[in-house]
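Chemist: Sequence plus predicted model, see below.
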Amino acid sequence: MARKKVRKIFALGAAAAAARITGKKVSIGVVGFGYIGSCIGAVLASRGFRTVGVDTNKKLVRSINDGNPVIHEPGLKELVRASRKSGMLTATTDYRALRDVDIIIITVGTPLGERFAADLSHITAAASSVSAELRPGHLVIMKSTMLPGTTEGIAKSILERSGLKAGRDFGLAASPERLSEGT
């Protein structure tokens with residue numbers, strides 16, 4: 001999608017953005033294509049949204065592109081294969097693929113560290129990588145298991161290193177995941 005078109009998507013206002021989403025005229029990037037990301041990405045692609053999964057794990061990316069996800073979830077393999085065949089789903093290790101999507105969903109893990117504290121290093125790394133590709137009009141959705149305030153207190157400041165301002169140049173939302181990774 002042309003950058004000019006991307007910039008206009010959310011600048012048109014909430015009603016127009018909702019209409020574009022409902023009409024499946026948006027493309028979606030899912031950062032972190034593990035359990036949550038690959039399931040969300042495959043479902044979105046199967047519903048008619050052009051979806052690209054971005055992950056640093058080359059084996060995981062290759063498995064998705066081969067139609068054989070390494071994640072075990074009932075029905076996932078069939079969704080991935082059908083979405084790959086239709087051309088609606090791709091996976092890559094290249095964050096530059098996010099430049100031409102409209103919505104970016106960050107679904108990286110937050111494993112429990114010492115004293116059961118959430119390890120936010122994956123969130124900070126993903127937000128930093130997304131920041132480098134952030135464009136006006138993007139909508140970034142944080143969908144990870146995280147503490148209240150992580151989106152506003154950590155992710156927002158990292159994303160704004162792009163020189164863009166949340167709420168003015170790009171949208172930022174949180175849809176927290178309710179999983180305890182590894183348990």
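Modeler: The structure has been received and is ready for your questions. Numbers count the residues shown, from 1 in each chain.
Chemist: Please report the distance of residue 174 from residue 139.
Modeler: 12 Å (C-beta to C-beta, to the nearest Å). C-beta here means a position set from N, CA and C on the backbone, and glycine is covered the same way.
Chemist: what about the strands in the chain?
Modeler: 27-31, 50-54, 89-92, 103-106, 139-142, 171-174 (DSSP state E).
Chemist: Just give the strands next to the fourth one in its sheet, each with its orientation.
Modeler: For strand 103-106, the paired strands and their directions (DSSP bridges) are strand 27-31 (parallel), strand 139-142 (parallel).
Chemist: Lowest average confidence across the ones you listed, which one?
Modeler: The minimum mean pLDDT among the strands paired with strand 103-106 belongs to strand 139-142 (a mean of 90).
Chemist: List the contacts of it.
Modeler: Residues from elsewhere that reach strand 139-142 (C-beta atoms under 8 Å, 6 or more residues apart in numbering): 10, 17, 102-106, 123, 130, 134, 150-151, 155, 159, 170-176.
Chemist: show me where the chain has helices.
Modeler: 3-11, 14-22, 35-46, 58-65, 76-86, 121-131, 150, 156-159 (DSSP state H).
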